[in-house]
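> Next come a sequence and a model predicted from it.
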Amino acid sequence: MMSRRLLGLLLVLPALAVIAFLFILPLIMSAVGAFQVDGAFGWGNFVKTFDLYTKDIVFTVVIIAFSTMLIGIASIAIGGYLTLGEHPVAVTILRWLYRWPMFIPFIVVGQILRTFLAKNGMMNNTFVNLGLLTPLDAQSFLDWRGIVIAFVWKQTPFVALLVAGAMASVNRDTIEAARNLGASRLRVLIEILVPQVAMTLTVGLILSFVTMMSVLSVPLMINAQSPTMLTADIAFRVNSYGDYGVANALGLISLVLASSVAWIYLRASLRERA
Amino acid sequence: MTASVMTAPATAASRNPLAALWWVPRGIVFGLMAFFIFGPLFNMVLWTVAEKWYFPYSLPLEYGFSSWAKVFAPRGGALESLTNSLIVALLTVVVSLLLAIPAGYALARLKLPLRGLILLAFLIPQAFPNLTVYVNIARIFYEIGLNGTIPGVVLVHVSHGLVYAVWIATAAFSAIDPELEQAARNIGAGAMRTFVDVTLPLAAPGLMASAIFVFLESLDEFTGSYFVGAPDVNMLPLLLYTAGAGGNYQIASITALLLLIPSLVFMLIVERFLKANVLSRVGH
């Protein structure tokens, strides 16, 4: 009879092979390709990358860091209200409302926000019709603000779902005790709930950060002018110039950015266990 | 009772006739949220039936279904994209499940060395920025003649969807009571017979959920299809992108609606397939 370990490995192997050949191998190729110029190893691609795209690298980091921060604040607010809100109808409305964008694909998000946020799009039109804005003051949001809005719109429900789940499992007695001693709900949220769900919040925000680093459709559809996100630059490098060297260098830079965020998380989680 | 952040204790507030006033700030916040969530969606629906809509009018001037007729005309391109998208998504589900059912069973039931690491390996495609990976897959596929073919796109989607397939399948199998399998074995059923007649039907709802997840991931996937499929294999997200880039918001919005409906339907029914006992085991 075959050993159960061997059988188990055989059953898992085909699925693992797909990951190895279709993800890890190309990932290594990309890392190696970043250092190759005309068949020889060198720093040429990085010199060119920093010459051409330093502004976009900074732009990408700032936009995604800012979006991550807004997503964090919005998720805490939503999770906090779902946990501490005392009016059942209001809590039910919020629970029904907040999760709609979660499963909407990024490409659809890009398209619908492009028409919504345009200079004469529905948002400005509504404000003009309500008398909050004059047509002359209306401006297009299809620049860095559009990208931030798209990211926050799409990613907040996911992080809020995780955070609300974690908050719901926090011991109610502590919360009740603090409330009975007269602590306001804002204080309970900041001093009791948020510290207890910090790990879940961090995981959700890191997953969002990495997702936003890889989204191509939103920057292509909302803001393809310079400065733009690294993903749009990579696509441009490949499609217009067939320049895989610089594309791979840009890819490696975004990989380093994503990994450094993951590293911060790992350090924090190790410190928590120590 | 009241429900904004700073307020008097609930018992006092419920007796307070002014408590109803809290619906003013609540109404403003919920109204703004609803405007920003449903406004863009409503805007998209309007575009799908707008015959004439230009500046400075805030609503379409004429409504009609001529864009729908154009999209679904034999040469409209949408039917081809829709067919391709459905074929790719179905094949992706079949391949992913064929890989994930044995893997999930092994991860749930058999003693595996480095089990945690194996589970984590399937997360890798979601945990790294994957754009350059697709660029390099396109280069490999180009060498071996898979670029611009449906099997090529299916393989890319499988690598991306496997994490859902394997993780949910593992959770579904571990949620089954081993004694049920043991009982079948005791009355003389073989290992394979037990798996097919007892384990598989019990795991079916969980496997169904993972199939839907993989199906939607594939249907909505843009980046991989853009590098590996385009321009030979047209898919709905690519049609949406080119129509939008060409300024044809009617076609783009109809395509967006076609991609959106399955996602929203799934959001409403997911809890029926993904029971709490399975959900709580995902990733463990």
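Looks like it arrived, so ask away. As the structure is a prediction and not an experimental result, all values here were calculated from the model.
> Roughly how far does whichever residue of the stretch 101-250 of chain B sits closest to chain A sit from residue A:88?
Proximity to chain A, evaluated over the stretch 101-250 of chain B using C-beta to the nearest C-beta, is greatest for residue B:132 at 2.7 Å. Placement of C-beta: from N, CA and C, glycine included. As for residue B:132, its distance to residue A:88 is 49 Å (criterion: C-beta to C-beta, to the nearest Å).
> ok, the two, which is more surrounded?
residue B:132 (32 against 10; other C-beta atoms under 10 Å in any protein chain shown).
> and that one, helix, strand or coil?
helix (DSSP: H, G, I helix; E, B strand; the rest coil).
> how many neighbours does the nearest residue to residue B:53 once chain neighbours are set aside have?
Nearest non-adjacent residue to residue B:53, counting by C-beta to C-beta, 6 or more residues apart in numbering or on different chains: residue B:60, 4.0 Å away. The tally of other residues near residue B:60 (other C-beta under 10 Å) stands at 15.
> Same check on residue A:233?
Neighbour tally, residue A:233, other C-beta under 10 Å: 24.
> Show me what the stretch of helix or strand it belongs to is packed against.
Residue A:233 is located in helix A:230-241, with elements delineated by DSSP states H and E. In terms of contacts (3 or more C-beta pairs under 8 Å, 6 or more residues apart in numbering or on different chains; DSSP states H and E), helix A:230-241 is packed against helix A:44-84, helix A:198-214, helix A:217-222, helix A:244-273, helix B:131-143.
> Now whatever helix or strand comes next after the longest one: buried residues?
Read it as helix A:44-84. Going down the chain from helix A:44-84, the next helix or strand is helix A:88-97, by DSSP H and E. Residues of helix A:88-97 classed as buried: A:90, A:91, A:93, A:94 (neighbour count, 16 or more other C-beta atoms under 10 Å in any protein chain shown).
> immediately after helix A:88-97, which helix or strand?
Per DSSP H and E, the helix or strand that comes after helix A:88-97 is helix A:106-117.
> how about that following helix against chain B, any contact?
Yes - with C-beta under 8 Å from any C-beta of the partner chain as the criterion, chain B is reached by helix A:106-117 at A:106, A:107, A:108, A:110, A:111, A:112, A:113, A:114, A:115, A:116.
> Quick one: mean pLDDT for that helix?
Here helix A:106-117 scores 91 as its mean pLDDT.
> Let's see whichever helix or strand comes after that helix as PDB, backbone CA atoms only.
As assigned by DSSP H and E, the chain's next helix or strand after helix A:106-117 is helix A:122-129. Extracted as PDB, the C-alpha positions of helix A:122-129 are listed here (Å, rounded to 0.1, in the frame of the first residue of the first chain):
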ATOM      1  CA  MET A 122     -23.500  62.900 -13.100                       C
ATOM      2  CA  MET A 123     -21.800  64.000  -9.900                       C
ATOM      3  CA  ASN A 124     -21.200  67.500 -11.000                       C
ATOM      4  CA  ASN A 125     -24.600  67.700 -12.700                       C
ATOM      5  CA  THR A 126     -26.300  66.700  -9.500                       C
ATOM      6  CA  PHE A 127     -24.400  69.300  -7.500                       C
ATOM      7  CA  VAL A 128     -25.300  72.000 -10.100                       C
ATOM      8  CA  ASN A 129     -28.900  71.000 -10.100                       C
END
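> For the helix or strand following helix A:122-129, name the packing helices and strands.
Counting by DSSP H and E, the element after helix A:122-129 in chain order, helix or strand, is helix A:144-168. Packing partners of helix A:144-168 (3+ C-beta pairs under 8 Å, 6+ apart): helix A:44-84, helix A:106-117, helix A:198-214, helix A:217-222, helix B:23-48.
> how much space between the most centrally placed residue in chain B and residue A:256?
In chain B, the residue lying closest to the centroid (C-alpha atoms, centre = their mean) is residue B:216, at 3.3 Å. Residue B:216 is 31 Å from residue A:256, where distance means C-beta to C-beta.
> And the strands in the stretch 51-200 of chain B?
B:62-63 (DSSP state E, counting those that start in this stretch).
> which regions of it sit below the pLDDT cut-off?
B:76 (pLDDT under 70).
> got the residue ranges for the helices in it?
B:66-72, B:78-109, B:115-121, B:124-127, B:131-143, B:150-174, B:178-186, B:191-194, B:200-220 (DSSP state H, counting those that start in this stretch).
> Tell me the helices and strands packed up against the fourth one.
Spelled out, that is helix B:124-127. helix A:198-214, helix B:150-174.
> Including distance to residue A:271 and mean neighbour count, could those helices go into TSV?
Formatted as TSV, the helices and strands packed on helix B:124-127 follow (distance: least, C-beta to C-beta, whole Å; neighbours: other C-beta atoms under 10 Å in any protein chain shown):
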stretch	distance to residue A:271	mean neighbour count
helix A:198-214	11	20
helix B:150-174	28	26
